Structure formats: structure tokens, C-alpha cells
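Chemist: Make a model of this:
(chains A and B)
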Amino acid sequence: MGMRKVAIVGAGMTKFMRRAHETGKELSWQAAKIALDSCELTLDDIGCVVMGTAPDAFDNIHMKGDYLGDGAGAWRKPYIRGFVGGGTGVFVADQAWYHVASGLFDTCLVVAEEKMSSAMPHPQGNFITCWDMFTESPLGPSLLWFFAWEMNRYMHAHGITEREIAMVSVKNKKNAMDHPAAQLPAEITVEDVLNSEVMAWPVKRLDVSPTSDGAVALVYAAEHVAKRITDKPVWIEGVGWCLDTIYVGQRDLYYPKYVEYAARQAYDMAGIKEPSKEIDIAEPYDPFDYKELHNAEGLLLCGKGEAPKLLADGVTQRTGRQPWCPSGGALGVGNAIAATGLMKVAELFWQLRGEAGKRQVPGRPKKGVAQAWGDEMQVGSVIVLGV
Amino acid sequence: MSEKIKELPGTPLSEKDIIEKKVLFTEWHPEFMWAWDTGIGYGRYFAELKKGRIIGTRCNKCRRVLLPARYFCEWCFRPVDEWVYLEDTGTVNTFSIAYTDWLARRIKEPRIPALIEIDGSGGVGIMHVLDEVDPKEVKIGMRVKAVWEPEEEREGAITDIKYWKPLKEV
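Modeler: Have a look, this model is predicted:
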């Protein structure tokens, strides 16, 4: 394709928490500084900056990309803010890739931040500004309606039970016990999930990830630079993204076709023919427990409706054949929207370098896929990393 | 997180810190107003709702009904060909039983938001709510009919349909 090879050479993040004392700028700076320090670079070594942050509605800061720019080290540099709602975290990882792969820049700092807590009394309410103002918002929808519709449709299409899905929440919150940045690590049971309060059936409280504040940053470098910085570069082997129709009644919610399109773009680029066999670790986006399964199917890690079986068989546990969300995911680490997507990419980086500590997936994993999802529930962004 | 990174930044606050004003923060309670123009597609769609009718548009190239009615076909990227009246009956494609409102507050009587495939559209759904039904009785595939606001109270809005109720077919 005439593109240069691009590596991730550094990563950093803040704690994820329900409410941070720090401003969004400060969180961004904290994550970016750790990422730069981790590869012994300074801001002067950075050619361009890519920033990800999700709806302006959370903070009511218009042009939030500009506002957060100094925290991301962006001022007086080529800078762009990417934004596709919940899909942002992996979308900016893709976007940063083409800044370097194109030959325009040798290095790129990519920062993803979210500060949801500013919205009072609860960030949930601010999603009302995201729907169609004519045909949707007047009905008073909550975000949960959309997830509940999709979860219901997914269960209906394949005869999947709430019990099977609850296992995802149990697994991910347990995985998060080993993540020092995690907001909601816990040892819970399937019964706990099933008995938690119903918010919008079939969605119950423990099916849902928390709202969070936090930031994550990565440093990218072109091949010739990466090799001078580290002897353990993690290569970006494939990127893909896709946006489907915003008319929710115009597609069947049981399957995320747009995630499949994004995944196929990334796999084709990475030369991956059989993702179910060739991928060692996956970080599908899991803002709700069923979403891990739904997204994993879109990522072609198994056939349609087959994800619950892999989960039940232990395949997706951290010690299984293909761990899903070994980080603890959005359900366990927290869901600082844009930052969570980039946290998943950072997790692959640490796992593929063998630096994940107590979370380390055994067997020296070599290939990983991370994915985020969102906007109006119709955006998929995918990245494939390898060593 | 890498095992090489020893100290994690970030200072968690609790809800109490805010409620009891233990930390400094700045509040803002703005009052803004917008008036959104309905445009060509939605304009006619809402005008017809005011008359108690559901209308869509058809693209003869991809042979598809567009609902809510629209002015151009986004797949073929050309103007739509005609307006088509649809039924005010349909089939539940999926639904939820919501115990929280849009601000995440608990509500006593649950609402039943649903995607309803409108008869005559070839399976295209719209988002709305069900009522006059026991939540336990709602099923995917259930047949439903629109319950309209009285004619004099309709405003040309999606809420001119009050809700959808089970359709007893003869």
C-alpha cells in the first residue's frame, strides 16, 4: 500500500474513577507525560498530536478538542481531534496510525480523555442531546433503551439467555482485580448480576459499565525511529473503521455488520485470514456485558450467536485459548468513553510486550485486536497489533 | 497498566465531596433555546402525522421505503421518487421495559420503548413506546396499532402518536 510501518513505543494512563478532582486537561497531561516518560521521549520529539474525547455534552465545553489541547501537548503542533462517540478510543488509534504511516510525521502522541462527571446529576441525561431531535428525543429516551433493544434482539435471534450473558460481567470485573487503574474490580457471581436491579429490561445494573473520568496516551513512531527508541516495538498491523445508518429501525440490531466491515478492513491489511485462530488476545468493547459477545461476533472471532459458548467453555478467560478483555474491560476498569477504547489498545501493547504483570496472558501472545463501538450505536473501530 | 509504571496519577472524589461542598467547583445552570427546522422530508412526515397518517418515501432504484420520510436516498445518493402512505399498524421488532427515565432516575410505572416495523414499509422500524399492555405480555413479533392524540391536540410531532397498543386482529 506504500505505507510506512508504524510502532507503538510508549503508553500511559491515569486511574479510572467516578469523579476525578483533576480537570480534563490535567488528566490528559498526566497520561501523556507517563507515555512519553515510558519511552524516554520529550514533547520536542513529537511531530503531531491526535486527541480523542467523546460528546461535548458531558462537559458542555464546545470545541473541547481545542480546550484540552495543552493537556495533550498539542499547542503549536499539527493537531486533530477525532470523535465518533464510544468508538473514539480506537478510532483515534487508527487516525494516529495514518499520520505516521503516510510519511507526514515520524512520531505522534495520541491522547484520549473523558470527564463524564461534570454532567449533573448524572451523565446519562446528557445523551438526550445525541438523538434525533425530531423523531427520538421528544419520546424521552435514555441510552439504556438502545442497549436494551439490541440485547433483546441479540438474545431473541439466537436463543441466548441473560444468564449466559452475565458471565461476561463476572469475568471482566474479576480480570480488573489485577488492574491498578480499575474503578470497579470485583468478585461477583452470575446470580449477583441476575439479581441486580433492573434498569431497562433486559439490562440490569451489573450488566452495565460505570461512568468514569480518566485518560490514556500512546506514543507512535515510524519504523526507523521506533528501532532507535525501543527493542520491543509493538507494530500496528491493521486498522479499520466503519459507520452505519443512524436510523435505528433501518437495520437489524442482532448483529453489528459495521464492526465486521471495520474488522475485515483491518484483517485484510494485517494479512489475517482466520481471526478466530490467528488472534491471541482480543479487547472487544464491553460497555455492557452482551456487547463483548456481540462485538466479538462482529470481529469474526466466532460465528454469529456462538460467543456465549466460547465464554461458557472458558476459551475467553485470561488463561483460555483466546482471552477477551484480559484488562478487565469497560465493565471492570471503567468506561471513560474515549479513554476506554485507547485503554484497550494500551492493554494489547503491554500484553504483547509481556509487561502486563498480574494480568499477563500466558504463552507469549503475538497478535491482538482491539475494538470500540458507539456514536449512535452504529460505529465500529478496529486495530490489530502484533510483535 | 504496565508493571514498569509504579505510580498512577488521578485523585478520586466522592459524591459526598460535591454534595457537602468539601471541594471547590463551579456550577452553571444555563437556559438556552433552539428551534430546529423540520426540512423537506420530515416536514411532510410531521404534517401527515398531524392528520393521523404515517407517510414514508420510496426510492425506486433500491426499491426501499425510507422511514421516517426523507428527501434523498442515502444509499443511491439521489432524490427519492415518491411519497407512500403506510399503515398505522406494525410488528414489535424489539423492546425494553424501562424502570429509569432519561436522567437515570427510577420511575414507578415502567415505560415500554420499542422498535416497531411499520406495515407497508417492508420491515422498516421506528422508535416509539407501547402502552395499554402488561409488560409481561409484550413479545417480539407482537402486532400493535397506533393510539393517536385527539385531532385538535396534534402538533405535527412524533408525539402525535401517544403510544402503540396490542392489535387484536379479526
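Chemist: Point to the residue nearest the middle of chain B.
Modeler: residue B:127 (3.8 Å; Cα atoms, centre = their mean).
Chemist: can you tell me the residue of the stretch 251-387 of chain A closest to chain B?
Modeler: residue A:357 (3.4 Å; Cβ to the nearest Cβ). The way it works is simple: take the backbone N, C-alpha and C, and place the C-beta from them, glycine included.
Chemist: which residue packs closest to that residue, ignoring adjacent ones?
Modeler: With sequence-adjacent residues excluded and distances taken as Cβ to Cβ, 6 or more residues apart in numbering or on different chains, residue A:357 is closest to residue B:3, at 3.4 Å.
Chemist: Give me the pLDDT value at the residue of the stretch 251-387 of chain A closest to chain B.
Modeler: Residue A:357 carries a pLDDT value of 96.
Chemist: circling back: report the beta-bridge partners for the residue nearest to the centre of chain B.
Modeler: Assessed by DSSP bridges, residue B:127 has beta-bridge partners residue B:115.
Chemist: Hmm, it is touching residue B:113, no?
Modeler: Yes. Using Cβ atoms under 8 Å as the test, residue B:127 is close enough to residue B:113 to be in contact (6.9 Å).
Chemist: ok so, going back, and the residue nearest to the centre of chain B, how far from residue A:146?
Modeler: 9 Å (Cβ to Cβ, to the nearest Å).
Chemist: For the closest residue to chain A within chain B, grab the count of nearby residues.
Modeler: At 2.8 Å from chain A, residue B:125 is the closest residue in chain B, using Cβ to the nearest Cβ. By other Cβ atoms under 10 Å in any protein chain shown, the residues close to residue B:125 number 25.
Chemist: How about residue A:78?
Modeler: Residue A:78, neighbours per other Cβ under 10 Å, totals 13.
Chemist: is chain B contacted by the strand or helix carrying residue A:167?
Modeler: Applying DSSP states H and E as the criterion places residue A:167 in helix A:162-175. No. With Cβ under 8 Å from any Cβ of the partner chain as the criterion, chain B is not reached by helix A:162-175; the gap is at least 12.5 Å.
Chemist: again, but for stretch A:326-338
Modeler: No. Residues of stretch A:326-338 are not located near chain B by Cβ under 8 Å from any Cβ, the shortest gap being 8.6 Å.
Chemist: For that stretch, give the mean pLDDT please.
Modeler: 97.
Chemist: Equivalent analysis for stretch A:137-144, please.
Modeler: The average pLDDT within stretch A:137-144 is 94.
Chemist: and the next element down the chain from the longest helix along chain B?
Modeler: In chain B, taking DSSP state H as the definition, the longest helix is helix B:39-50. Note on helix B:39-50: by DSSP H and E, the next helix or strand toward the C-terminus is strand B:54-59.
Chemist: Identify the residues contacting that next one?
Modeler: Identification of contacts with strand B:54-59 by Cβ atoms under 8 Å, 6 or more residues apart in numbering or on different chains yields B:41, B:44-45, B:48, B:64-71, B:73, B:75-76, B:78, B:80-88, B:118, B:120-121, B:124, B:146.
Chemist: at 7 Å what do you get?
Modeler: With Cβ atoms under 7 Å, 6 or more residues apart in numbering or on different chains as the contact definition, strand B:54-59 has outside contacts at B:41, B:44-45, B:48, B:65-67, B:69-70, B:73, B:76, B:80-86, B:88, B:118, B:121.
Chemist: All set now, cheers.
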